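Chemist: Sharing a model that was predicted from the sequence below.
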Amino acid sequence: MEEVVYFELNNWFIGRDYPNEEPFVTWMRQDRFSDDKWLKENKLVCVKSFVDMSLNFCISASRQWIEENCPRLLSEDSMSYHVWSMQDGKTDIVVETKKYSDFIRPDAETSNFGHFLPYYEENFGLTIDTGEDYDLWNHEEDEI
C-alpha cells in the first residue's frame, strides 16, 4: 500500500501559511490547489475551504509525489520570514522561523482549518468544503 502524506497550506501569508520557496510560491500564485485538472494529473486529493478572507488547502498526496516535487516538507529544515509587529505604538519588522515539516499533518484526522479526504483515486482532484460560514460570502460560482 502506498504511503500517504497529509499537508495543509493557506494562501494568506507567505512563510507562515505556506513555504516561502519554489514550487510553493508558483503553486499559490497560479492557484494550483484550486485547479481540479492539475490536481487529478498529479494524483492529489485536495479539500479547499474558506477561512475568513483566505483559502485553506488540505492535501493528501503519495509520499513519492512529495519526494519528487517538494521534499523539504519531509525535512526538519527551517525557513525565515518577516512579519510586521506593533508594540507600544511602534511598528517593527520581526523575523520568524518555521520548520517545513510544520505543514505536515500526522494523519487525516488532524488539520488546523479544514479536513482531509482519504487518498483514493475517486477522490483525486478538488473538493470544496463550503462550511457553515459560506453563505456570508458572495462567491461568483453561487447561483442567484
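Modeler: That came through fine. Numbering: from 1, shown residues only.
Chemist: Which helix or strand in the protein has the lowest average pLDDT?
Modeler: Here the helix or strand of the chain ranked lowest by mean pLDDT, DSSP states H and E is strand 78-87, holding a mean of 86.
Chemist: ok, then the element right after that one?
Modeler: strand 90-99 (DSSP states H and E).
Chemist: what ranges do the strands span in this structure?
Modeler: Applying DSSP state E to the chain gives strands spanning 4-10, 45-51, 54-62, 78-87, 90-99, 104-105, 125-129.
Chemist: and the second one, what other elements does it pack with?
Modeler: Right, the one you point to is strand 45-51. If you count contacts as 3 or more Cβ pairs under 8 Å, 6 or more residues apart in numbering; DSSP states H and E, strand 45-51 packs onto strand 54-62, strand 125-129. Heads up, the C-betas are built off the backbone N, CA and C, glycines and all.
Chemist: so who does residue 79 touch?
Modeler: By Cβ atoms under 8 Å, 6 or more residues apart in numbering, the contact list for residue 79 reads 15, 19, 20, 21, 97, 98, 99, 100.
Chemist: any residues touching stretch 97-108, and which ones?
Modeler: 4-9, 15-16, 18-19, 58, 60, 72-81, 111, 116-118.
Chemist: let's see it at 6 Å
Modeler: Outside stretch 97-108, the residues that touch it by Cβ atoms under 6 Å, 6 or more residues apart in numbering are 6, 7, 8, 72, 73, 75, 76, 77, 78, 80, 111, 116.
Chemist: Return the distance of the second one relative to residue 113.
Modeler: Taken as Cβ to Cβ, to the nearest Å, the spacing of residue 7 relative to residue 113 amounts to 13 Å.
Chemist: Just the buried ones from the contacts of stretch 97-108, in ChimeraX syntax?
Modeler: With 16 or more other Cβ atoms under 10 Å as the burial test, the buried ones among those are selected in ChimeraX as follows:
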select :6,7,8,72,73,111,116
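Chemist: Would you check which pair of the contacts of stretch 97-108 lies furthest apart?
Modeler: Maximum pairwise distance among the contacts of stretch 97-108 (Cβ to Cβ): 28.3 Å, between 80 and 116.
Chemist: any idea of the pLDDT on residue 138?
Modeler: pLDDT for residue 138: 49.
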